[in-house]
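K.L.:
quick one: sequence and predicted model below, then my questions.
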Amino acid sequence: MSIRWRLTAWYSGILCITLLAFSLAVYGFVHLYTYDELKSRIQQQYNKIRPVQSINEDGSLGFTPDRSSAQRMEEADFYVQSYTYHNQKTWRSDNMKLRGLEFEVPSFEISESYRGFKTISVGGNPFLVYQDYVFAQKTGQVYGWLQVGAYTGTAEKTLDRLQSILIMGTLATLIIASTLGLFLARKSMKPIEKVADAANLIQKGTDLSVRIEYDGPQDEIGRLIDTFNGMLSRTENFYKELEDAYAAQRRFVSDASHELRTPLTTIRGNVDLLHKIWTSPPSERPDLDEHTIREMSAEAVGDISDEAKRMTRLVADMLSLARADTGQTFEKLPVALEPLLGEVIRKAQFLPKTAAWLPGDLSSLNGVYVEGNRDYLQQMLFIFIENAFKYTPDGEVRLDVILYRGQVGIRIADTGIGMAKDEVPHIFERFYRADQSRGATEGTGLGLSIAKWIIDVHEGSVEVVTKLGEGSTFIVWLPAIFAPPLE
């Protein structure tokens with residue numbers, strides 16, 4: 001059974017119980033009120049009767065109701081009957097005689113249990129009768145039986161009609177309420193069906209971009225749909241990131257294989273050359289004297305050494321990025337920037353370069369610190385400086401600093417070959433080179449990716465300004481900590 005049917009059944013059941021209780025309460029109240037009011041009137045009329053005593057033929061005491069009081073009761077539609085036990089004579093009011101009615105009189109021996117109100121049927125007509133003994137005023141002797149009754153057929157018909165109305169009203173209300181309840185339950189559960197359909201699509205893996213449209217109130221269902229749509233968005237973003245990560249991994253493996261293939265091919269070629277030179281008999285190499293062999297061997301060993309160093313750098317860079325991919329961080333402490341940059345400037349002048357190295361004034365960094373790791377900060381700065389030297393065959397490379405709104409900017413600017421604007425978003429991707437020629441310059445193609453990771457771990461950012469043919473400027477922004485300046 002679906003939820004909408006269960007909800008409808010529950011609500012209909014509760015409504016049915018409520019209506020039954022209400023109907024029973026109404027019927028019981030009306031029934032009780034009707035008969036209590038009738039009993040009160042009968043009791044009042046009974047108390048108004050004044051028995052007229054008489055002497056029977058055998059000398060016993062008899063009685064008949066007072067004519068005037070009996071007549072008033074007849075006008076009020078009450079029926080009066082008296083019975084004298086000694087002569088067994090019955091007196092009936094005129095309305096009883098006219099209709100041929102006579103109440104049953106119990107024998108004296110069992111009459112005690114018949115005292116009070118009784119519901120009887122006379123000729124198929126229902127009556128409510130109050131009956132009791134008639135006592136002699138002086139002696140208190142029982143000498144008769146007095147009955148005052150009222151016809152209850154009209155009241156019973158009214159109660160029967162009320163009962164029918166309540167039953168039919170209850171059934172009609174249940175039918176209407178159940179129909180409306182089923183309609184409303186179906187309407188209320190419609191958004192849930194959309195959620196189920198969306199979940200089914202996700203299970204099948206066909207479409208993660210589906211969203212549930214809902215313009216209703218922000219009730220429980222509204223919040224559920226908002227939460228579900230949010231979950232779908234996060235799931236879609238997660239899968240996109242996962243696909244991008246897999247694509248990057250495949251590209252990384254492909255590029256790494258390509259980068260490693262070249263030095264390995266060079267090493268293998270030189271090893272084969274050395275093996276051929278030193279294992280071939282002299283008759284097979286008549287044109288090679290000992291001096292030439294030594295020169296060729298030295299060149300081959302040098303090539304092998306260079307390619308081994310290149311592979312070492314590549315593996316080290318790949319390990320650094322692997323640590324970045326696993327979310328590893330490093331210990332960070334307050335680092336004074338002035339001595340750090342002073343050391344970087346001093347070491348940078350010994351790097352291979354053809355451009356002029358022009359460091360700026362660092363005095364503004366007195367008392368300025370950053371929360372970071374000194375070794376990784378140096379590595380990041382050398383990556384930018386080496387790149388500037390590498391792509392500036394002529395011209396100059398400058399380094400200076402900027403303090404702005406609680407941040408320190410380390411600016412490395414060159415007048416080298418620059419980059420096109422559409423290349424800037426990709427320069428921090430792994431194995432990407434702006435000139436698109438991997439063999440044009442030395443390097444692994446991973447330096448800027450490592451630099452970007454170091455900047456991110458230090459909660460910083462990098463700004464790139466470049467123009468093709470005019471040079472590039474990199475500004476590394478880091479959160480600054482200010483201390484009193486040193487004298």
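P.N.:
Sure thing, it's come through.
K.L.:
got the contact list for residue 34?
P.N.:
Neighbour list for residue 34: 155, 158, 159 [criterion: Cβ atoms under 8 Å, 6 or more residues apart in numbering]. Backbone N, C-alpha and C define where each C-beta goes, glycine included.
K.L.:
now, which of those lie within helices?
P.N.:
Using DSSP state H to define helices, the subset of these located there is 155, 158, 159.
K.L.:
the host helix or strand of residue 30: how far from the chain's middle?
P.N.:
Using DSSP states H and E, residue 30 falls within helix 3-48. The chain centre lies 46 Å from the centre of helix 3-48; the measure is Cα atoms, centre = their mean, to the nearest Å.
K.L.:
pLDDT averaged over it, what's the number?
P.N.:
Averaging pLDDT along helix 3-48 gives 89.
K.L.:
who wins on neighbours among the ones in helices among the contacts of residue 34?
P.N.:
In terms of neighbours by other Cβ atoms under 10 Å, the ones in helices among the contacts of residue 34 top out with residue 155 at 18 neighbours.
K.L.:
quick one: contacts for that residue?
P.N.:
Contacts for residue 155 (Cβ under 8 Å, 6+ apart) come out as 34, 35, 38.
K.L.:
again, but for residue 340
P.N.:
Neighbouring residues of residue 340 by Cβ under 8 Å, 6+ apart: 374, 377, 378.
K.L.:
out of those residues, which are buried?
P.N.:
377, 378 (16 or more other Cβ atoms under 10 Å).
K.L.:
can you map out the strands along the stretch 251-400 of the chain?
P.N.:
Here the stretch 251-400 of the chain has its strands, by DSSP state E, counting those that start in this stretch, at 333-336, 356-359, 368-372, 396-404.
K.L.:
would CSV of the contacts of residue 34 with pLDDT and distance to residue 107 be doable?
P.N.:
Shown next, in CSV, are the contacts of residue 34 (pLDDT from 0 to 100; distance: Cβ to Cβ, whole Å):
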residue, pLDDT, distance to residue 107
155, 91, 30
158, 92, 35
159, 93, 33
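K.L.:
domain ranges for the chain?
P.N.:
3-159, 255-325, 333-482 (automatic domain parsing).
K.L.:
looking at those domains, which has the lowest confidence?
P.N.:
domain 255-325 (a mean of 77).
K.L.:
quick check, distance from it to the centre of its chain.
P.N.:
Distance, stretch centre to chain centre, for domain 255-325: 61 Å (Cα atoms, centre = their mean).
K.L.:
ok so residue 410 is a strand residue?
P.N.:
Yes. Remark: residue 410 belongs to a strand, assigned using DSSP: H, G, I helix; E, B strand; the rest coil.
K.L.:
who does it form a beta bridge with?
P.N.:
Beta-bridge partners for residue 410, by DSSP bridges, are residue 401, residue 476.
K.L.:
that one contacts residue 473, correct?
P.N.:
No. Counting by Cβ atoms under 8 Å, residue 410 stays clear of residue 473, with 11.3 Å between them.
K.L.:
and the two? Which one has more around it.
P.N.:
residue 410 (25 against 17).
K.L.:
who's in contact with that one?
P.N.:
Here residue 410 is in contact with 341, 381, 399, 401, 475, 476, 478 (Cβ under 8 Å, 6+ apart).
K.L.:
quick one: it and residue 343, what's the gap?
P.N.:
13 Å (Cβ to Cβ, to the nearest Å).
K.L.:
residue 297: what's it in contact with?
P.N.:
So residue 297 contacts 274, 277, 278 (Cβ under 8 Å, 6+ apart).
K.L.:
ok, now with 10 Å
P.N.:
270, 273, 274, 277, 278 (Cβ atoms under 10 Å, 6 or more residues apart in numbering).
K.L.:
still on that earlier bit, what's the overlap in contacts for residue 410 and residue 343?
P.N.:
Common neighbours of residue 410 and residue 343 (Cβ under 10 Å, 6+ apart) are residue 381.
K.L.:
ranges for the helices of the stretch 51-200 of the chain?
P.N.:
Using DSSP state H, counting those that start in this stretch, the helices of the stretch 51-200 of the chain run over residues 67-75, 94-99, 153-204.
K.L.:
now these as TSV including distance to residue 123?
P.N.:
Listed next are these as TSV, based on distance: least, Cβ to Cβ, whole Å:
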stretch	distance to residue 123
helix 67-75	18
helix 94-99	8
helix 153-204	11
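K.L.:
and the ones you listed: which comes nearest residue 361?
P.N.:
Closest to residue 361 of these, according to Cβ to Cβ: helix 153-204, at 59.5 Å.
K.L.:
ok, the closest residue to residue 478 other than its chain neighbours - contacts?
P.N.:
Closest residue to residue 478 apart from its sequence neighbours, by Cβ to Cβ, 6 or more residues apart in numbering: residue 460 at 4.2 Å. Taking Cβ under 10 Å, 6+ apart, we find residue 460 in contact with 370, 372, 377, 380, 407-410, 452, 454, 476-479.
K.L.:
what angle sits between the helix holding residue 30 and helix 153-204?
P.N.:
Between helix 3-48 and helix 153-204, the angle comes out at 170 degrees (axes from the mean of the first three to the mean of the last three Cα atoms, to 10 degrees).
K.L.:
who touches residue 379 in this structure?
P.N.:
Residue 379 makes contact with 320, 373, 447, 450, 451, 454, according to Cβ under 10 Å, 6+ apart.
K.L.:
apologies, that question was intended for residue 132.
P.N.:
Residue 132 neighbours (Cβ under 10 Å, 6+ apart): 46, 111, 114, 115, 116, 144, 145, 146, 147, 148.
K.L.:
bridging residues for it?
P.N.:
Per DSSP bridges, the residues bridged to residue 132 are residue 146.
K.L.:
that one and residue 107: what is the separation?
P.N.:
15 Å.
K.L.:
can you check residue 447 too?
P.N.:
From residue 447 to residue 107 the distance is 126 Å (Cβ to Cβ).
K.L.:
out of the two, which sits in the busier spot?
P.N.:
residue 447 (21 against 9).
K.L.:
tally of neighbours for the closest residue to that one other than its chain neighbours?
P.N.:
The shortest distance from residue 447 to any non-neighbouring residue, by Cβ to Cβ, 6+ apart, is to residue 383 (4.3 Å). By other Cβ under 10 Å, the residues close to residue 383 number 22.
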